[in-house]
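Visitor: Okay, structure incoming, though there's no sequence with it:
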């Protein structure tokens, strides 16, 4: 059998440590190296054992998860999955962890009993397998920035016609990627932006608030009936699908729980397919880093409807899952490094590039 994925579990709760070990050990491809009950012990064991993946609780006595994460990323970089509880403070702290270098989040607030813990078992194993072996240079990307291209490297827009809407999908590694893009777009952007980012229930509100503070454009979590306006960015709430509808006043957002059998809610596929139907060739699809295939079918639908489409390239993706499948389906016009995407968006809008 191939080498097992070696995991270090760090959590101050004895119940959670036992539950996480049981979940991880249930898969023959995964081995739990050790556990730690606080950040300092977790950091020291990460240094000593060199795990493939670390699961790290956010809130712990003594050295907390954020401090331990900083030390791990500085001294022995490794893919880290944060376990957080859904609170206003917890959401902001967890987003800070993603900015420092954590690759994903799992909401452990629902894991109060042995029965509840089963709800996150599949998610945990999927994420551990997805991030194991990720190039640590990608998760410490701010220390090794990719040079942006000069303005003259860009050609005219690939398609004729006006773009009214930018539809973005992202999963693992997405929040920092979204920050890199949105902070470089002007406040007077001549198109609306709609985003599906896979996150645990409730965390998208914190994501929207954080991005709104950092970016020039107005960013908020969407609500049912939101009008889609130029220079405004709406993020689909965790737990609800976002689709588009049109009336005499223009395009607006619909939020709903159905269809319930999708792997993700919200689903990138559902939003992009809706954009293809409602907006047609007046949209731009952007698919960023993420595990799985959500968005690939939707981007193909947008492409077939005449929309322009851009995927993040393999080299800059934390996990090259969603964009890879979209490319394989033939739904991608261009694959670009993350830091080239803001200029490419402006190019497609016919706006002045960043230079």
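Guide: On my side now, so go ahead. The structure presented is a predicted model; accordingly, all values stated were derived computationally and were not measured.
Visitor: residue nearest the centroid of this protein?
Guide: Closest to where the C-alpha atoms of the chain average out (C-alpha atoms, centre = their mean) is residue 174, at 2.5 Å.
Visitor: list the contacts for that one?
Guide: When contacts are counted by C-beta atoms under 8 Å, 6 or more residues apart in numbering, residue 174 touches 197, 198, 288, 289, 290. Using the backbone N, CA and C atoms, a C-beta is placed for each residue, glycine as well.
Visitor: could I get these as JSON lines with pLDDT and secondary structure?
Guide: Output for the contacts of residue 174, formatted as JSON lines (pLDDT from 0 to 100; DSSP: H, G, I helix; E, B strand; the rest coil):
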{"residue": "197", "pLDDT": "97", "secondary structure": "strand"}
{"residue": "198", "pLDDT": "95", "secondary structure": "coil"}
{"residue": "288", "pLDDT": "98", "secondary structure": "coil"}
{"residue": "289", "pLDDT": "97", "secondary structure": "coil"}
{"residue": "290", "pLDDT": "95", "secondary structure": "strand"}
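Visitor: Just give me the closest of those residues to residue 334.
Guide: Nearest to residue 334 among these: residue 288, at 13.4 Å, using C-beta to C-beta.
Visitor: quick one: that closest one and residue 312, what's the gap?
Guide: Shown here: residue 288 relative to residue 312, a distance of 5 Å by C-beta to C-beta, to the nearest Å.
Visitor: Overlap of the contact sets of these two?
Guide: With C-beta under 8 Å, 6+ apart as the test, residue 288 and residue 312 both reach 177, 323, 338.
Visitor: Scan the residues you listed and report the most crowded one.
Guide: The residue in those with the most neighbours, by other C-beta atoms under 10 Å, is residue 323 (29 neighbours).
Visitor: can you give me phi and psi for it?
Guide: Dihedral angles phi and psi of residue 323 (degrees, to the nearest 10) take the values phi -60, psi -40.
Visitor: Now for it: which residues touch it?
Guide: Contacts for residue 323 were tallied using C-beta under 8 Å, 6+ apart; they are 287, 288, 289, 290, 311, 312, 313, 314, 317, 332, 335.
Visitor: Among those residues, which are located in helices?
Guide: Judged by DSSP state H, the contacts of residue 323 include no members of helices.
Visitor: Considering the residues you listed, which possesses the most neighbours?
Guide: residue 287 (32 neighbours).
Visitor: What pLDDT is listed against it?
Guide: Residue 287 is assigned 98 on the pLDDT scale.
Visitor: Please name the nearest non-neighbouring residue to residue 25.
Guide: residue 32 (5.7 Å; C-beta to C-beta, 6 or more residues apart in numbering).
Visitor: List the contacts of that neighbour.
Guide: Taking C-beta under 8 Å, 6+ apart, one finds 7, 8, 9, 20, 21, 24, 25 in contact with residue 32.
Visitor: Filter those residues down to the buried ones.
Guide: Neighbour-count burial (16 or more other C-beta atoms under 10 Å) is assigned, among the contacts of residue 32, to 7, 8, 9, 20, 21, 24.
Visitor: What are the boundaries of the helices in this protein?
Guide: 14-25, 39-49, 65-75, 88-100, 114-131, 136-139, 174-182, 203-214, 268-278, 296-304, 322-328, 341-349.
Visitor: same for the longest one, what does it pack against?
Guide: Think helix 114-131. Under the contact criterion of 3 or more C-beta pairs under 8 Å, 6 or more residues apart in numbering; DSSP states H and E, helix 114-131 touches strand 5-10, helix 14-25, strand 30-36, strand 53-57, strand 80-84, strand 104-107.
Visitor: partners of the third one in the sheet?
Guide: Listed by DSSP bridges, the sheet partners of strand 30-36 and their directions read strand 5-10 (parallel).
Visitor: relative to strand 53-57, how tilted is the partner strand?
Guide: Relative orientation of strand 5-10 versus strand 53-57 (axes from the mean of the first three to the mean of the last three C-alpha atoms, to 10 degrees): 20 degrees.
Visitor: If you count neighbours, what's buried in stretch 77-93?
Guide: For stretch 77-93, the neighbour count (16+ other C-beta under 10 Å) marks 77-86, 90-91, 93 as buried.
Visitor: Among those, which one lies nearest to residue 258?
Guide: If you rank the buried residues of stretch 77-93 by distance to residue 258 using C-beta to C-beta, residue 86 comes first, at 23.0 Å.
Visitor: Let me see the contact set for the nearest residue to residue 209 once chain neighbours are set aside.
Guide: Spatial nearest neighbour of residue 209, excluding adjacent residues (C-beta to C-beta, 6+ apart): residue 92 at 7.8 Å. Counting by C-beta under 8 Å, 6+ apart, residue 92 touches 206, 209, 210.
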